[in-house]
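In: Mind folding the following:
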Amino acid sequence: MARKYRYYYKVGIKEKTQPVLAELASTLGFYNDVPGAAHGLPSPANLFDTLAERFTADPTAVAECLRRVGVVGDGPPGGGPPAEA
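Out: Purely as a prediction, here's the structure:
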């Protein structure tokens, strides 16, 4: 069996956010399928991977869906144009 290589991206989130993301992942059916200690647990990482895949396929639909439920940011700091990534 070929090993799955993963990219790890650490971000700072509020302490109460992690269990909420795990609950969201569970509600939507995203579970860890990699053998090990976390196998079978809810997987926000798999949720984010799928969200990125869908956004790549149809950015307008995904962005509109998130906007409809109120997932919008405050814009760039200082009100200027967005910074280049």
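In: Cys65 looks like it's in a helix, true?
Out: Yes. According to DSSP: H, G, I helix; E, B strand; the rest coil, Cys65 belongs to a helix.
In: For Gly40, see how far away it is.
Out: According to Cβ to Cβ, to the nearest Å, Cys65 and Gly40 sit 28 Å apart. C-beta coordinates here come from the backbone N, C-alpha and C atoms, glycine included.
In: and Leu24, how many neighbours?
Out: 13 (other Cβ atoms under 10 Å).
In: The helix or strand containing it - contacts with which helices or strands?
Out: Secondary structure assignment for Leu24, by DSSP states H and E: helix 17-27. Helices and strands touching helix 17-27, by 3 or more Cβ pairs under 8 Å, 6 or more residues apart in numbering; DSSP states H and E, are helix 44-57.
In: Run through the chain and note the low-pLDDT ranges.
Out: 1-5, 80-85 (pLDDT under 70).
In: What does Tyr31 show for phi and psi?
Out: phi -130, psi 150 (degrees, to the nearest 10).
In: can I assume it is in contact with Ala45?
Out: No. Under the criterion of Cβ atoms under 8 Å, Tyr31 makes no contact with Ala45, lying 10.7 Å away.
In: burial measure for Asp49, as a count.
Out: 14.
In: typo on my end, it should be Val69
Out: Considering only other Cβ under 10 Å, Val69 is surrounded by 7 other residues.
In: Check Tyr8 too.
Out: 5.
In: cool, and Asn46?
Out: As a burial measure, Asn46 scores 17 neighbours (other Cβ under 10 Å).
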